[in-house]
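Participant: Here is a sequence together with a model predicted from it:
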Amino acid sequence: MRGPVDSVGMLIGKLNPGKDGDEARSGEDTPEAEAHWPAPLATAPVDARVALPGSKSLTGRELILAALADGPGTLRAPLHSRDSALMIDALRALGTEITELPSDRVFGGDLRITPAAELTGSTSIGCGLAGTVMRFVPPLAALALGPVAFDGDPYARKRPMRPLLDALRALGADIADEGRGALPFTVHGTGSLRGGRVTLDASLSSQFVSALLLAAPRFTEGVHVVHTGERVPSVPHIEMTLAALRARGVDADSPAPGEWRVAPGPIRALDATIEPDLSNAAPFLAAALAAGGSVTVPEWPATTTQVGDQLRTLLPEFGAQLTVSADGAVTATSDGTIRGVRLDIPEAGELAPTLIGLAALAAHGTDGTNGVASEITGIGHIRHHETDRIAALVAEIRGLGGSAEELPDGIRIAPAALHGGVWHSYADHRMATTGALIGLRIPDVEVEDVASTGKTLPQFPELWQRMLGGWTPEAPSERSFIQGLTL
Ligand SMILES: O=C(O)C1=C[C@@H](OP(=O)(O)O)[C@@H](O)[C@H](O)C1
Ligand SMILES: C=C(OP(=O)(O)O)C(=O)O
């Protein structure tokens with residue numbers, strides 16, 4: 001057994017210049033293709049403790065609310081990644097002052113946020129591939145004075161925006177998108193927004209609802225959002241939004257299923273501490289199943305709105321034992337036997353790539369001859385995430401010899417032996433980490449564009465290697481694969 005790993009050294013994330021998934025795929029003949037990351041194989045049971053940086057979703061929300069607050073505030077232990085940097089840049093473009101405080105925190109410093117007296121427009125905002133930026137910032141742009149032009153990575157232009165843009169228009173905003181219903185578009189802010197009751201189909205993304213709720217205390221009439229479509233996905237993320245608003249003294253609730261209401265009023269400035277990202281804990285805890293052994297994630301919050309908390313019940317479905325220690329660390333333990341699952345997880349689409357990676361390993365079994373089938377459904381909306389994750393996962397599992405089939409709202413995986421090969425990332429951080437997970441058990445898996453993990457976890461390659469006990473800062477061969485990072 002290897003010794004525990006409880007922190008990383010000073011690591012400073014730089015931006016991963018985003019790529020379209022198709023471009024990433026067609027880039028295989030370029031010199032960059034040579035930088036495919038050889039996913040480390042677990043040659044012994046894992047025994048590791050992995051501390052993780054802050055939650056993307058909490059960092060994004062607290063940045064927005066701090067920018068709209070009634071005074072300066074501080075974010076402690078925020079995420080520093082491509083998505084959070086894009087959010088910071090967007091809020092700065094609207095006039096917010098954001099400074100990083102000197103700190104010895106391993107994952108980057110705290111942030112001091114001073115709201116602008118008035119949000120200013122006449123600017124442009126790059127959304128990268130961040131759903132939270134392209135959805136949460138336009139309502140603030142409507143509150144700013146002057147035009148604000150939004151655009152993003154090539155694939156970001158394919159992510160749905162129409163229900164949110166139409167709802168903002170119904171609430172009084174002037175938005176020019178030439179009928180695209182997607183990036184690029186320009187919000188012509190007038191300094192205020194009427195707000196009020198609005199109907200919206202949020203079946204493609206919960207972020208449409210969170211976007212309206214977060215800015216609504218500053219709408220003249222607040223907001224009352226009424227969902228009109230099929231099932232709303234990722235409901236815990238809407239609950240996270242309501243909780244973040246209430247923590248700042250805002251009157252915000254869900255008066256009925258599929259309805260949310262925020263009253264107009266001040267947003268209290270405060271010092272908020274960001275929890276570790278529990279969705280990014282998924283591949284690490286899942287590694288205990290893939291490799292056998294145990295992985296501990298410390299500082300797991302006792303209560304949380306993060307959907308990643310559901311890993312404590314989802315991973316046991318695959319056969320892992322999950323325990324919580326008195327000091328709030330969560331440990332996953334397994335003998336390496338992975339059970340097949342039938343899961344319907346509309347709330348936890350963000351966890352789906354990891355769980356599907358585990359299902360692919362369950363279908364391989366311990367030696368390629370004793371695999372079991374799985375079906376994971378309720379996740380049709382993940383076709384609209386960083387890529388069409390259902391299509392991408394099916395293609396990549398098949399590429400390694402697996403048997404996977406698309407369902408309208410999920411995936412079915414049949415027993416089949418996996419083999420090594422290139423696992424494409426489609427510029428999607430969770431595709432990259434899923435390839436790494438499969439590579440723990442299957443020899444010679446190479447992850448294309450591992451730097452896509454910089455979207456929410458720039459330290460992924462080091463943390464992964466450290467989890468296996470083999471990383472040293474001096475190892476140049478490993479360092480060269482950590483693209484987009486300064487060590
Ligand atoms: O509000 C948020 O922070 C998020 C909401 C969810 O989006 P969807 O509702 O589009 O799944 C989730 O998958 C995403 O990673 C983050
Ligand atoms: C869906 C995700 O991201 P985004 O915030 O860009 O929607 C994700 O992180 O899994």
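Facilitator: Structure received. Ligands and ions are numbered 1, 2, ... in the order given.

Participant: Enumerate the residues of the chain near ligand 1.
Facilitator: For the chain, the contact set with ligand 1 under C-beta under 6 Å from any ligand atom comprises 57, 60, 131-132, 205-207, 210, 233-234, 237, 349-350, 381. C-beta coordinates here come from the backbone N, C-alpha and C atoms, glycine included.

Participant: Cross the residues you listed against helices and list the overlap.
Facilitator: Secondary structure from DSSP state H places 57, 60, 131, 132, 207, 210, 237 of the residues of the chain next to ligand 1 in helices.

Participant: farthest-separated two in the residues of the chain next to ligand 1?
Facilitator: 60 and 381 (18.3 Å; C-beta to C-beta).

Participant: For residue 452, give me phi and psi.
Facilitator: The phi and psi values for residue 452, taken as degrees, to the nearest 10, are phi -60, psi -20.

Participant: Surely it and residue 425 touch.
Facilitator: Yes - at 4.7 Å, residue 452 counts as touching residue 425 under the criterion of C-beta atoms under 8 Å.

Participant: I'd like to know which of the residues of the chain next to ligand 1 is nearest to ligand 2.
Facilitator: residue 131 (2.5 Å; C-beta to the nearest ligand atom).

Participant: helices or strands up against the host helix or strand of residue 462?
Facilitator: Following DSSP states H and E, the helix or strand that holds residue 462 is helix 460-467. When contacts are defined as 3 or more C-beta pairs under 8 Å, 6 or more residues apart in numbering; DSSP states H and E, helix 460-467 sits against strand 46-49, helix 281-291, helix 429-441, helix 476-479.

Participant: what's the second one packed up against?
Facilitator: When contacts are defined as 3+ C-beta pairs under 8 Å, 6+ apart, helix 281-291 packs onto strand 46-49, strand 293-297, helix 311-317, strand 330-334, helix 352-364, helix 429-441, helix 460-467.

Participant: so which of these gets nearest ligand 2?
Facilitator: Nearest to ligand 2, of these and by C-beta to the nearest ligand atom, is helix 429-441 at 5.2 Å.

Participant: list the helices and strands the closest one packs on?
Facilitator: For helix 429-441, the packing partners by 3+ C-beta pairs under 8 Å, 6+ apart are helix 281-291, helix 352-364, helix 389-399, strand 421-423, strand 445-447, helix 460-467.

Participant: how about these in a markdown table, adding mean neighbour count?
Facilitator: Output for those, formatted as a markdown table (neighbours: other C-beta atoms under 10 Å):
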| stretch | mean neighbour count |
| --- | --- |
| helix 281-291 | 27 |
| helix 352-364 | 27 |
| helix 389-399 | 21 |
| strand 421-423 | 20 |
| strand 445-447 | 24 |
| helix 460-467 | 24 |
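
Participant: follow-up on the earlier one: okay, angle between the helix holding residue 462 and strand 293-297 too, please.
Facilitator: 130 degrees (axes from the mean of the first three to the mean of the last three C-alpha atoms, to 10 degrees).

Participant: tell me the mean pLDDT over helix 460-467?
Facilitator: Averaging pLDDT along helix 460-467 gives 96.

Participant: Check the offset of it from the chain's centre.
Facilitator: The chain centre lies 18 Å from the centre of helix 460-467; the measure is C-alpha atoms, centre = their mean, to the nearest Å.

Participant: circling back to that earlier point, go through the ones in helices among the residues of the chain next to ligand 1 and say which is closest to residue 226.
Facilitator: So of those, ranked by how close each gets to residue 226 (C-beta to C-beta), first place is residue 210, at 15.2 Å.

Participant: where's the nearest residue to the closest one once chain neighbours are set aside relative to residue 458, distance?
Facilitator: Distances taken as C-beta to C-beta, 6 or more residues apart in numbering put residue 241 closest to residue 210, at 4.1 Å, once the chain neighbours are dropped. Noted for residue 241: a distance of 25 Å to residue 458, by C-beta to C-beta, to the nearest Å.

Participant: quick one, which of these two is more surrounded?
Facilitator: residue 458 (31 against 27; other C-beta atoms under 10 Å).

Participant: From residue 190, how far out is the more buried one?
Facilitator: Residue 458 is 38 Å from residue 190, by C-beta to C-beta.

Participant: Helices of the stretch 1-150 of the chain, start to end?
Facilitator: Counting by DSSP state H, counting those that start in this stretch, the stretch 1-150 of the chain has helices at residues 21-26, 56-67, 82-93, 131-136, 138-143.

Participant: closest to ligand 2 out of these?
Facilitator: Closest to ligand 2 of these is helix 131-136 (C-beta to the nearest ligand atom; 2.5 Å).

Participant: That closest one and ligand 2 in contact?
Facilitator: Yes - using C-beta under 6 Å from any ligand atom, helix 131-136 reaches ligand 2 at 131, 132.

Participant: mind checking which helix or strand the residue of the chain most remote from its centre is in?
Facilitator: Using C-alpha atoms, centre = their mean, the residue of the chain lying farthest from its centre is residue 369. It sits 34.2 Å away. Using DSSP H and E, residue 369 maps to neither a helix nor a strand.

Participant: Now do it against ligand 1, distance only.
Facilitator: Using C-beta to the nearest ligand atom, to the nearest Å, one gets 36 Å for the distance from residue 369 to ligand 1.

Participant: In contact with that residue, which residues?
Facilitator: residue 417 (C-beta atoms under 8 Å, 6 or more residues apart in numbering).

Participant: Dump the helices and strands packed on helix 281-291 into JSON lines; add distance to residue 263 as well.
Facilitator: Below are the helices and strands packed on helix 281-291 laid out as JSON lines (distance: least, C-beta to C-beta, whole Å):
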{"stretch": "strand 46-49", "distance to residue 263": "44"}
{"stretch": "strand 293-297", "distance to residue 263": "37"}
{"stretch": "helix 311-317", "distance to residue 263": "34"}
{"stretch": "strand 330-334", "distance to residue 263": "36"}
{"stretch": "helix 352-364", "distance to residue 263": "35"}
{"stretch": "helix 429-441", "distance to residue 263": "36"}
{"stretch": "helix 460-467", "distance to residue 263": "40"}
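
Participant: re the thing from before, could you list the alpha-carbon positions for the helix or strand harbouring the residue nearest to residue 210 in CSV?
Facilitator: Here residue 241 is covered by helix 235-247, with elements defined by DSSP H and E. The C-alpha coordinates for helix 235-247 follow below in CSV (Å, rounded to 0.1, in the frame of the first residue of the first chain):
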residue,chain,number,x,y,z
VAL,A,235,-32.8,20.3,-9.5
PRO,A,236,-30.2,20.3,-6.7
HIS,A,237,-28.5,23.1,-8.6
ILE,A,238,-31.6,25.2,-8.4
GLU,A,239,-31.8,24.5,-4.6
MET,A,240,-28.2,25.6,-4.4
THR,A,241,-29.2,28.9,-6.0
LEU,A,242,-32.1,29.5,-3.6
ALA,A,243,-29.9,28.6,-0.6
ALA,A,244,-27.2,31.0,-1.8
LEU,A,245,-29.7,33.8,-2.2
ARG,A,246,-31.3,33.2,1.3
ALA,A,247,-27.8,33.2,2.9
